[in-house]
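1. whatever this is, show me its structure:
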Amino acid sequence: MRDFLRTIQSDDEEASVDITPMLDVVFIMLIFFIVTATFIKEAGIDVDKPAAATAIVQEKANILVAIDASDNIWINRRQVDIRSVRSIIERLHAENPKGTVVIQADRDSRNDMLVQVMDASRRAGVYEIALAAVAD
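-> Presented below is the predicted three-dimensional model:
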């Protein structure tokens, strides 16, 4: 009889809830939410874009280049030199070949800097270039 009681007591002490399936479900849900979340790409600065009556929403804008009022160039929240724009666009375009370049030029920036960025984009092999504007 004592052996039977010892067996019952040891079984009670070892009884526990297995939470492994619950953790599996939680991790799967976490992965699902991370994968389905939409991420907003930003060039790194706020640009005062000019207004345009014929502005169209660009669907596949993957490479965002911003030019501020002081003619500084920003890509992926980093200020870059005009000489490195071509190599950066080549690298970003290699990651997603179907993407386009969207240039967000401040209304007070020089036209010369905009043309240089467009030329660097074309030399990088990206010919689909859009200029960001505010819908009128």
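2. what residues go with each domain of the chain?
-> 2-36, 51-135 (automatic domain parsing).
3. mean confidence for the first one?
-> In this model, domain 2-36 has a mean pLDDT of 74.
4. how far away is residue 24 from residue 17?
-> According to CB to CB, to the nearest Å, residue 24 and residue 17 sit 14 Å apart. Every C-beta, even on glycine, is put in place using the N, C-alpha and C of the backbone.
5. have a look at the two and say which one is more surrounded.
-> residue 24 (10 against 6; other CB atoms under 10 Å).
6. quick check: which element contains the closest residue in space to residue 72 that isn't next to it in sequence?
-> Distance criterion CB to CB, 6 or more residues apart in numbering; nearest residue to residue 72, sequence neighbours excluded, is residue 79 at 5.5 Å. Element membership of residue 79 [criterion: DSSP states H and E] is strand 78-80.
7. since that was my last question, I'll sign off now.
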